[in-house]
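Engineer: following is a predicted model, sequence given first.
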Amino acid sequence: MSDQTVPSEGQRPERRGYRRLKVSVPVEMNLESSETPVRGATSDLSAGGCYIETMYPFPAGTPVDMKLQLENTLLIAATVVTCDPQVGNGIQFTRMLPEDRAELLAFLAATEAAQKPEEGG
């Protein structure tokens, strides 16, 4: 017997520890192997990472230094965890300053509150 659950057709098992929000935020990624930054935007964002759509994704395991543009520019050390060819990359945040984490959490809370449909009637 296995304690693993089998995902429904077309679904992957959920491994994320944070709720993802569909939000587009400008991002710049710098790789050790290149002096030229790669600019793009998130398609979803959480306290633990993001997804960036790109035709030319990086291989899983690639370390990246990111600049996430909220009210301020957040500096984040991250790692590519998924590579979907001609689609994009799943990025896991590995390190950021406490004040940057606080700004990210506040942004996510405000975004989630704005995205919720109004209750009542």
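Structural biologist: On my side now, so go ahead.

Engineer: okay, the lengthiest strand in the chain in CSV with CA atoms only?
Structural biologist: Longest strand in the chain, counting residues (DSSP state E): strand 73-84. Output of strand 73-84 as CSV, limited to C-alpha atoms (Å, rounded to 0.1, in the frame of the first residue of the first chain):
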residue,chain,number,x,y,z
THR,A,73,12.6,46.7,-5.6
LEU,A,74,12.9,43.4,-3.7
LEU,A,75,16.2,41.5,-4.0
ILE,A,76,15.7,37.7,-3.9
ALA,A,77,18.0,34.8,-4.2
ALA,A,78,16.1,31.9,-5.9
THR,A,79,16.4,28.6,-7.7
VAL,A,80,14.6,27.3,-10.8
VAL,A,81,12.6,24.3,-9.7
THR,A,82,10.5,23.6,-12.8
CYS,A,83,11.3,24.0,-16.5
ASP,A,84,8.4,23.8,-18.9
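
Engineer: what's the average pLDDT for the next helix or strand after that strand?
Structural biologist: Later in the chain than strand 73-84, the nearest helix or strand by DSSP states H and E is strand 88-96. Strand 88-96 shows a mean pLDDT of 96.

Engineer: next, the angle strand 73-84 makes with strand 88-96.
Structural biologist: 140 degrees (axes from the mean of the first three to the mean of the last three CA atoms, to 10 degrees).
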